[in-house]
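Student: Quick one, structure for this:
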Amino acid sequence: MAFYKIPQEKIEEIRVSVNLVHYISQYVTLKKTGRNVTGLCPFHHEKTPSFVVNPEKQFYKCYGCGRGGNLYTFIMEYEKLTFPEAVRKAADFAGIILPKPKAVSPEVETRQQKLYTANEKACRFFQKELQKEVNAAWLAYFTRRDIGAETIQKYRLGYAPDKYEALPDLFTGDETAIAEELGLIQKRRDDKGFYGKYRHRVIFPFFNTSGKIIGFGGRKLREEQQPKYLNSPESEVYKKGALLYGLYQGVEAIRDKGFVFLVEGYFDLLRLAEHKVYNVVASSGTALTDMQARILKRYTRQVYIAYDGDAAGRKAAVRNARILENQELNVHILPMPAGEDPDSLVQQKGVGALTELIRLKKLPVEFQLDQFKEANPDVTLEEKDAFISEFLQELATFNNTVKAGLYVHHLSEQLQISESMLVSELNRLRRKQFRQRQMRQEAPPKTETPAPKTEEKPAVLHNLKRGVFRAEQGLIRLLLNGSDELRQHIFYETGADLFLNDDYQNLYQILLEKFEEEGRIDSHALYDELRDQPDLQALVAGMSVDTDLLEQRFADDCIYQLKKWQLEQEARQLSELIRHEKDSEEAQIHYTFELNRVRKSIASLEKSRQKA
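Tutor: Modelled structure (predicted):
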């Protein structure tokens, strides 16, 4: 069996060989502006160019929509390709021939490859069992639901026989330990052999985007069996929070159609596939994860949620819409009729019924308001207040400030509530979140709606924080793009504890470790290593584009701002403690002494700054 991975040195060779400006120029008209080149962003509609490419650093960044990255990111985002496909595309552009895949013997199979091999063996076994005449009743489990042979084969559906020894007999030697790790078999209580965990269940294999089997879901066929669905445990090749059932089979259709249906269950997906609708994935339950949302974003920006028409399905649709929107996906919820799901709807009324639902699609905020009005035709003030409170609590965690503003406006219009009052309450909730994150030593929200002008102290505090974040951002930018001497100076004068923003703090720590271990910082190598941390990747890309003001004077300004902020924050906290402990003379003396010490430190810092 052949396994192939493009060597890292070949990936780097291809990236260095392709000039990012030349590649992007195939799709965007770029004009030189100072050190950089600019053009209209290919990822969103705009009239004024905000898309910037840095020819020296070979990174791009759009200051309109926020997208950024290197050569491979651009190819993946623009052409909707996976990472290996993007590398091959770049290799073709550079005229570099990739080495041909070579088969490896079982002796040199990697541990990961052994996991894939065991899963593949189990999958073929399940498929063969489903087609045996003795198991015709279980094949009928699918055919009675009008799931035909083509769909059964495409998704490699199977059956696990009602025998304890069936799966253990499949594996020999070292394979047994691998099968146990994958949750296919389990040791008997007396330690005398193994038994198969999947028994008398129809089987739904899980695929990764390369088509390899990474796990299984098994549905019970007897009422007394527990659990209803038995899924593989997480392993080196299977992460539950990263699985989207049907994605491997649906990738091409999703790219072609430009949108994806998100459904709840296996049979919802299989029903659509039976009607040749392949641009569909299932969340395999109702709890969507941020990782699943980010994976979907690689292939499309448009998601139609088609969940069950019952109360639980509607609630899950709204909850998962928030997760998708926070990953900058455009989301609509299809108003599924009560008592229906995609499986029953399409089976009874045909795929045209789903097309009609697309015409009736709702933005999540519209859907949520419609559900509230339907459930409360004669709404009381208490019910309205409870709904608004819950709605704003959800919105307070929203990353997209512009969309949050639009949602507040819509809520105001529909419920006849003062928009300024809603904005004030939303700001109060965000400030509360900020204080809670400070207490947990976490970063504040990435975006914050401006505080009302009447509240002077919060507004001043917000401006101060904004200055601090600029200083943090400045230092990270200097560490990514500056000279080694400048990096040494910054690391000597600062520490991770100076950073209030969690992302900047994490990135600072990573850069420090890189510099200490390697004596240098390679932004492209770092960008590749952060592939599983897209937020940090985006920071590296964006800050590598802007390479102005790479000098010690600017670094010292940033360091001064952060140190001063830290001391002033400590002074504010001590002043608050003095007010709270006014009945304790001992506490008053202690906190007053500490406050004087901090004020002297601030004065000393300011004096040093004036001399510089």
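Student: what about the strand or helix carrying Tyr527, distance to the chain center?
Tutor: Here Tyr527, judged by DSSP states H and E, is contained in helix 523-529. Mean-position distance between helix 523-529 and its chain equals 19 Å (Cα atoms, centre = their mean, to the nearest Å).
Student: which helices and strands does that helix pack with?
Tutor: helix 8-17, helix 456-481, helix 502-518, helix 534-545 (3 or more Cβ pairs under 8 Å, 6 or more residues apart in numbering; DSSP states H and E). For every residue, glycine as well, the C-beta is placed using N, CA and C.
Student: let's go with 7 Å and repeat that
Tutor: Applying 3 or more Cβ pairs under 7 Å, 6 or more residues apart in numbering; DSSP states H and E, we find helix 523-529 packed against helix 534-545.
Student: what's the helix it packs on packed up against?
Tutor: Against helix 534-545 (3+ Cβ pairs under 7 Å, 6+ apart) you get strand 51-54, strand 59-62, strand 68-69, helix 456-481, helix 502-518, helix 523-529.
Student: tilt between that helix and helix 502-518?
Tutor: If you take axes from the mean of the first three to the mean of the last three Cα atoms, to 10 degrees, helix 534-545 sits at 70 degrees to helix 502-518.
Student: Quick check: buried residues in helix 534-545?
Tutor: By neighbour count on 16 or more other Cβ atoms under 10 Å, the buried set for helix 534-545 is 534, 536-545.
Student: same check, this time on stretch 299-306
Tutor: Buried residues in stretch 299-306 (16+ other Cβ under 10 Å): 299-301, 303-306.
Student: Quick one: mean pLDDT for it?
Tutor: Stretch 299-306 shows a mean pLDDT of 93.
Student: Just the endpoints, please. Distance across it?
Tutor: 18 Å (Cα to Cα, to the nearest Å).
Student: I'd like the numbering to begin with 40 instead of 1 from here.
Tutor: In the new count, where the first residue is 40, that last one comes out as stretch 338-345.
Student: ok so, going back, so can I have a markdown table of the buried residues of helix 573-584 showing distance to Gln627?
Tutor: Putting those into a markdown table (distance: Cβ to Cβ, whole Å) gives the following:
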| residue | distance to Gln627 |
| --- | --- |
| Pro573 | 49 |
| Leu575 | 44 |
| Gln576 | 49 |
| Ala577 | 47 |
| Leu578 | 44 |
| Val579 | 48 |
| Ala580 | 51 |
| Gly581 | 47 |
| Met582 | 45 |
| Ser583 | 51 |
| Val584 | 52 |
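Student: of all the residues you listed, which comes closest to Gly256?
Tutor: Closest approach between the buried residues of helix 573-584 and Gly256, by Cβ to Cβ: Pro573, at 27.4 Å.
Student: okay, the closest one: pLDDT?
Tutor: Reading off the model, Pro573 has pLDDT 83.
Student: Isn't it up against Arg333?
Tutor: Yes: between Pro573 and Arg333 there is a contact at 6.0 Å, judged by Cβ atoms under 7 Å.
Student: buried stuff in the helix holding Tyr566?
Tutor: 562-563, 565-567.
Student: could you dump those to CSV with pLDDT and distance to Gln47?
Tutor: Below are the buried residues of helix 562-568 laid out as CSV (pLDDT from 0 to 100; distance: Cβ to Cβ, whole Å):
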residue, pLDDT, distance to Gln47
Ser562, 86, 16
His563, 86, 12
Leu565, 87, 14
Tyr566, 87, 13
Asp567, 84, 8
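Student: just curious, which of those is nearest to Tyr287?
Tutor: Using Cβ to Cβ, the buried residues of helix 562-568 come closest to Tyr287 at Asp567, 24.1 Å.
Student: contacting residues around that closest one?
Tutor: By Cβ atoms under 7 Å, 6 or more residues apart in numbering, the contact list for Asp567 is empty.
Student: change it to 10 Å
Tutor: 47, 50-51, 54, 109, 111, 122, 561, 576, 579 (Cβ atoms under 10 Å, 6 or more residues apart in numbering).
Student: swap in Leu408?
Tutor: So Leu408 contacts 401-402, 426, 430, 446, 449-450, 452-454 (Cβ under 10 Å, 6+ apart).
Student: Give me the secondary structure label for it.
Tutor: helix (DSSP: H, G, I helix; E, B strand; the rest coil).
Student: separation between it and Tyr446?
Tutor: Distance of Leu408 to Tyr446, computed by Cβ to Cβ, to the nearest Å: 10 Å.
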